[in-house]
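> below are the sequence and a predicted model; questions follow.
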Amino acid sequence: MSRVLFASSEAHPLIKTGGLADVAGSLPRALHALEQDVRLILPAYAECKTRAGKLKPVASLEVNGQRVSLLESRLPGTRVKTWLVDCPLFFDRPGNPYLDPDGEVWPDNAQRFALFCQVISRVSLDQAGLYWQADIVHCNDWQTGLVPALLTLAAQRPATVFTIHNLAYQGLFSYETFKSLGLPPHFWHHEALEFHHQLSFIKGGLVFADRINTVSPTYAREIQTPEFGNGLDGLLRHRKQALSGILNGIDTDEWNPGSDSHLPQKYNRRSLGKKVINKLALEKTFNLPEDAERLLIGFIGRLVEQKGVDIIIQALPELVKLPLKFVLLGSGQREYESALNKLARQHREKIGIRIGYSEQLAHQIEAGVDTFLMPSRFEPCGLNQLYSLRYGTPPIVRGVGGLADSVVDANEETLEDGSATGVVFHADSAEALLDAVQRTLSLYNDKKSWKKLQLAGMRQDFSWRQSAQRYLELYQSARKANPCPIGL
């Protein structure tokens, strides 16, 4: 058994802005099921304290002049012990973990997450009065990036794993901010935390962690190239022996069409014909004409360039000429929201748009659409394509990152051997997207081939148990690589 401190800036169902929360809410539970002593630690945002249930103060410490309390609970719905880092000045405020209510970045994010990293380090070294010491500290994204660096200052320390969920977000701040945080001067170096005359939180993980991983094997390869490396590809190539990729899992209890309470009609592989009831209900929700036969395409996600939303907008005027309809749920850049709303007004019987997010509607879209569209420019893992496969909704994806690792393109050979699960395209263009949709239409009109595609996807195993086993192997590798292990 390993003692694992799992550090994240968000975790579902306590607080969520993206896929990191899904991982942090599921992987610790899967590790616990594999009999690991795993503890989750995250900031005590107001929303977390509300959702955590009964909280018990278990420790108090001073960090950078701030009085910090540790509040203990269980991750809701699990037996995973959870510690919330309670510093009201930094975490008890409106907005989300990173942005204020107006969508602007909190100006003190460096101070907030530096304090969080200091607390994580002290907890892992049993310097917080909890009488528990970690063997492994598993850090996630830039908000925890300073932890592996800080732990190198200890004579003996736990092994460290740093997971990149999205390399585009790096935690960059000024030199003045670096000085204000009281970090050791030797960290200001291009082989440490300095990155083009800025402080880079993420480099703390990339330079100092015993093992680095990301959330799909293909993305682990991609980020070693200039196209996907966001300026850090050279460092990642330098550390390639320590770098690997593990595809995320999904919560197969929450995402199960056979028991999903959000759906008008539950179904499974043996009752796949009932899926159409969800389609008709979804069309009604979006005020579209109810039509069981016409192809219905769905999209859920942030309306940003990464997700290829501009390509969707370019393609929609041509897509609506085809015998299909399109529904979208998401929010993001205002110009994309405006363009999509305008197209929906122009094509009321073909396009349905909901700006915002609803967990219930997200489940209903996965179950109700015939195919799910993900034309991402890059996608470290992606979760919606995994949900889609589980829901018998063959996805249309661009062949990048985790999309390439989880969807098998339908061609003559893969349809013949039964391995095809969706439609994959490669070019970053509206033309390539249109071609992929036309291929999908042809498949959809061949009911026998389409059902084969659906069933192949539904048979895939994307449970967290499989991924958690690979993380255990990664933890063992990190412990072997740790030059200053505890207990020697």
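It's in. Model, not experiment: these values are computed from the prediction. Numbers count the residues shown, from 1 in each chain.
> and the contacts of stretch 304-320?
Contacting residues not belonging to stretch 304-320 are listed as 168, 297, 299, 301, 303, 326, 328, 330, 332-333, 336, 339-340, 343, 347, 350-351, 373-379, 398, 428-430, 433-434, 437 [Cβ atoms under 8 Å, 6 or more residues apart in numbering]. C-beta: built from backbone N, CA, C; applies to glycine.
> then stretch 417-428?
308, 311, 371, 375, 377, 385, 388-389, 394-399, 403-404, 407-411, 414, 432-433, 435-436, 439-440, 443, 452-453, 456-457, 460.
> which of the residues you listed fall within strands?
Members of those lying in strands (criterion: DSSP state E): Thr371, Pro395, Ile396, Val397, Arg398.
> what is the nearest of the residues you listed to Ala192?
Each of these was checked against Ala192 using Cβ to Cβ; the closest is Arg398, at 35.5 Å.
> for that closest one, grab the count of nearby residues.
Residues within reach of Arg398, counting by other Cβ atoms under 10 Å, total 25.
> quick one: contacts for it?
Per Cβ under 8 Å, 6+ apart, neighbours of Arg398: Gly308, Met374, Pro375, Ser376, Arg377, Glu379, Val424, Phe425, His426, Asp428, Ala432.
> neighbour count, distance to Asn278 and pLDDT added to the residues you listed, as CSV?
Formatted as CSV, these follow (neighbours: other Cβ atoms under 10 Å; distance: Cβ to Cβ, whole Å; pLDDT from 0 to 100):
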residue, neighbour count, distance to Asn278, pLDDT
Gly308, 27, 25, 97
Met374, 23, 20, 98
Pro375, 25, 24, 98
Ser376, 24, 25, 96
Arg377, 18, 30, 95
Glu379, 32, 25, 95
Val424, 21, 25, 98
Phe425, 20, 26, 98
His426, 12, 31, 96
Asp428, 15, 32, 95
Ala432, 16, 29, 98
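> which of these sits closest to Trp464?
Distances from Trp464 to the contacts of Arg398, taken by Cβ to Cβ, are shortest for Glu379, at 19.0 Å.
> check contacts around the closest residue to the closest one other than its chain neighbours.
Distances taken as Cβ to Cβ, 6 or more residues apart in numbering put Gly401 closest to Glu379, at 4.1 Å, once the chain neighbours are dropped. Neighbouring residues of Gly401 by Cβ under 8 Å, 6+ apart: Ser216, Thr218, Tyr219, Glu222, Ser376, Phe378, Glu379, Pro380, Cys381, Gly382.
> returning to that earlier point: among the contacts of Arg398, which lie within helices?
In helices, judged by DSSP state H, the following of those are found: Ala432.
> what's the burial count for the residue nearest to Ser449 when sequence neighbours are not counted?
Once flanking residues are discounted, Ser449 sits nearest to Leu443: 5.5 Å by Cβ to Cβ, 6+ apart. Residues within reach of Leu443, counting by other Cβ under 10 Å, total 21.
> the one 10 residues further on too?
Using other Cβ under 10 Å, the number of residues around Leu453 comes to 28.
> break the protein into its domains for me.
3-249+465-481, 269-461 (automatic domain parsing).
> one step back: which members of the contacts of Gly401 are the farthest-apart pair?
Once Cβ to Cβ is applied, those give Glu222 and Gly382 as the farthest pair, at 13.1 Å.
> and the two? Which one has more around it.
Taking neighbours as other Cβ under 10 Å, Glu222 and Gly382 compare with Gly382 leading, 30 against 23.
> any idea of the pLDDT on the more buried one?
If you check Gly382, the pLDDT there is 93.
> residues contacting it?
Gly19, Ser216, Met374, Ser376, Val397, Gly401, Gly402, Leu403, Ser406.
> run the last query once more with 10 Å
Gly382 makes contact with 19, 215-216, 219, 247-248, 301, 307, 374, 376, 388, 395, 397, 400-407, according to Cβ atoms under 10 Å, 6 or more residues apart in numbering.
> the closest residue to Ser388 other than its chain neighbours: how many residues sit nearby?
Nearest residue to Ser388, sequence neighbours excluded (Cβ to Cβ, 6+ apart): Phe372, at 4.1 Å. For Phe372, the neighbour count with other Cβ under 10 Å is 23.
> my guess is Phe372 contacts Leu328. True?
No. Under the criterion of Cβ atoms under 10 Å, Phe372 makes no contact with Leu328, lying 11.0 Å away.
> now do the shared contacts for these two.
By Cβ under 10 Å, 6+ apart, the residues touching both Phe372 and Leu328 are Ile297, Gly298, Phe299, Ile300, Ile365.
> rewinding a little: what's the closest of the domains of the chain to Leu263?
Of the domains of the chain, nearest to Leu263 by Cβ to Cβ is domain 269-461, at 5.1 Å.
> can you give me the end-to-end distance of that closest one?
14 Å (Cα to Cα, to the nearest Å).
> cool, stretch 381-396 as well?
Distance across stretch 381-396, first residue to last, is 15 Å (Cα to Cα).
> run the chain-centre distance for that stretch.
From the chain centre to the centre of stretch 381-396 is a distance of 14 Å (Cα atoms, centre = their mean, to the nearest Å).
> could you do stretch 447-460 as well?
With Cα atoms, centre = their mean, you get 26 Å for stretch 447-460.
> just the C-alphas of it, formatted as PDB.
What follows is stretch 447-460, C-alpha atoms only, in PDB (Å, rounded to 0.1, in the frame of the first residue of the first chain):
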ATOM      1  CA  LYS A 447     -28.500   1.100 -40.400                       C
ATOM      2  CA  LYS A 448     -26.600  -2.200 -40.100                       C
ATOM      3  CA  SER A 449     -23.200  -0.500 -40.200                       C
ATOM      4  CA  TRP A 450     -24.300   2.200 -37.900                       C
ATOM      5  CA  LYS A 451     -25.600  -0.200 -35.200                       C
ATOM      6  CA  LYS A 452     -22.300  -2.100 -35.500                       C
ATOM      7  CA  LEU A 453     -20.400   1.200 -34.900                       C
ATOM      8  CA  GLN A 454     -22.600   2.000 -31.900                       C
ATOM      9  CA  LEU A 455     -22.200  -1.400 -30.300                       C
ATOM     10  CA  ALA A 456     -18.400  -1.500 -30.800                       C
ATOM     11  CA  GLY A 457     -18.200   1.800 -28.900                       C
ATOM     12  CA  MET A 458     -20.400   0.600 -26.100                       C
ATOM     13  CA  ARG A 459     -18.200  -2.400 -25.500                       C
ATOM     14  CA  GLN A 460     -15.100  -0.300 -24.800                       C
END
